[in-house]
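Chemist: Got a predicted structure here, sequence first:
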Amino acid sequence: MIDWLIRHFIPNADDTANAAVRTAYGQFAGIVGIVCNVALCVAKGAIGIVAGSVSIVADAVNNLSDAASNIVSLLGFKLASRPADPEHPYGHGRYEYLAGLVVAALVLAIGINLVGSSVEKIFHPTPVEFNGTLVLILVLSIAVKFWMAAFNRTIGRRIDSETLQATAVDSRNDVISTAAVLASAAISHVCGIQLDGVAGAAVGAFIIWSGIGLVRDTVNPLLGQAPSPELVEHIRAKIMSYPGVLGTHDLMVHDYGPGRQFASAHVEMAAEADPMESHDLIDNIEQDFKNDDGLIVTLHYDPIVTDDPTVNDMRNWINQAVKIIDPRITIHDLRTVPGPTHTNVIFDCVRPTDLPLTEEQLRRRVKQIVADHYPRTIVKVTIDESYVSSEQ
């Protein structure tokens, strides 16, 4: 059914890299959510008031807040689709991340409010009316919310949207909370034990825990989290696939919202090659990233001496030797300046962000390793910070 809806309401649904198609997905998901949640709120609110159940009324209010979350998501996708302007040259894509954060905050607020009202019901219990209408409404609510969780998760994964992933988690929480409300009402009716408040408090605690996770997931992109290992590997592999490329390093990825990523990296090429040809190849690589991946990449040309066996051997030896400190450490841009009494060895060393050694401690360790093996050298090391995942 989800695929049928997508095919009939989203034009060019397969072109998810297109900003207009992506916006259409987000707005369609928001409209579906608003309609479903308002209907559930009205039905459960009416039955909760008649039955005198705080947990059912709270569940209805939860659906109303879900509708508000859907409105926030709808606005987020609309604002994120605005084109770049002089004040925002990278576009407005982060509005979608902000919308996801608001949804996460609403989930937290719902959980806190539900715990408060449920604790009061524990100390002042009142009987809950149990009938077939109540059961029918809650079972239908579970079924609708289960479908909504699958609906938002499917679209969220298809367009890589943290906002819709958060909405899917919220719908899953509603399935659990409504099931708990139904179970407590049934147990209370059969056993005569008033569990309405206890069930509400337990559901509220679960929603709070889930909301904290959602806040963390939506805050990370806003803070500038490291790019995914899959994206890093894709960029590296694509650069290395071109003939004449000897290596790449200093990769940085900046995220200005889904579909609005920019990257920069250094590309090592033979210093002996024609610089015009090397420059032309780099231009082609940048254009291929834009055409194939929708990724704006800026590449810096690093010439590497390849016809000096002594320099090549030194570069390979140092690159392996520094891994004694940490296997993730790499070096690049090595060059030498020979003299009558000593040789200056100059290179950059990439420090993983979580390395326990400080920049100065790492510099001293690396210089000592090189000096011990090449005693007639003066080592000059520049420490670069890694801006990709330390797992790489």
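Modeler: Arrived safely, thanks for sending.
Chemist: Mind listing what's buried along the helix or strand of the chain with the lowest mean pLDDT?
Modeler: Ranked by mean pLDDT, DSSP states H and E, the weakest helix or strand in the chain is helix 54-80, scoring a mean of 76. Of all the residues in helix 54-80, those buried under the rule 16 or more other Cβ atoms under 10 Å are 54-67, 69-80. All C-beta spots, glycine's among them, are computed from the backbone N, C-alpha and C.
Chemist: Equivalent analysis for stretch 228-240, please.
Modeler: So for stretch 228-240, counting by 16+ other Cβ under 10 Å, buried means 231-232, 235-236, 238-239.
Chemist: Residue 339 - how many residues pack around it?
Modeler: Residues lying near residue 339 (other Cβ atoms under 10 Å) number 10.
Chemist: and the angle from the following helix or strand past the least confident helix or strand of the chain to helix 54-80?
Modeler: With elements assigned by DSSP states H and E, the helix or strand that comes after helix 54-80 is helix 94-123. Counting by axes from the mean of the first three to the mean of the last three Cα atoms, to 10 degrees, helix 94-123 points 170 degrees away from the direction of helix 54-80.
Chemist: Packing partners of helix 94-123?
Modeler: helix 54-80, helix 162-191, helix 196-223 (3 or more Cβ pairs under 8 Å, 6 or more residues apart in numbering; DSSP states H and E).
Chemist: For it, buried residues please.
Modeler: For helix 94-123, by 16+ other Cβ under 10 Å, it's 94-108, 110-111, 113-115, 117-118, 121.
Chemist: Stretch 37-50 now?
Modeler: 37, 40-41, 43-45, 47-48.
Chemist: residues making contact with stretch 367-374?
Modeler: 314, 317-318, 321-322, 324-325, 343, 345, 377, 379, 381 (Cβ atoms under 8 Å, 6 or more residues apart in numbering).
Chemist: and the chain, what are its domains?
Modeler: Domains of the chain are assigned by automatic domain parsing as 2-223, 226-305, 308-392.
Chemist: Indicate which one of the helices and strands packed on helix 94-123 is closest to residue 139.
Modeler: helix 162-191 (7.2 Å; Cβ to Cβ).
Chemist: Could you give me the buried positions within the closest one?
Modeler: 162-182, 184-185, 187-189.
Chemist: mind checking the longest helix of this protein?
Modeler: Longest among the helix segments of the chain by residue count, using DSSP state H, is helix 19-51.
Chemist: so that one versus helix 196-223, what angle?
Modeler: 160 degrees.
Chemist: just checking, what packs against helix 19-51?
Modeler: helix 2-9, helix 54-80, helix 132-158, helix 162-191.
Chemist: Could you list the low-pLDDT ranges of the stretch 251-392 of the chain?
Modeler: 259, 389-392 (pLDDT under 70).
Chemist: does the residue of the chain most remote from its centre count as helix, strand or coil?
Modeler: The outermost residue of the chain relative to its centre, with distances by Cα atoms, centre = their mean, is residue 340 at 54.6 Å. Classification of residue 340 using DSSP: H, G, I helix; E, B strand; the rest coil returns coil.
Chemist: Report the contact partners of residue 342.
Modeler: 376-378.
Chemist: could you redo the last one with a cut-off of 6 Å?
Modeler: 376, 378 (Cβ atoms under 6 Å, 6 or more residues apart in numbering).
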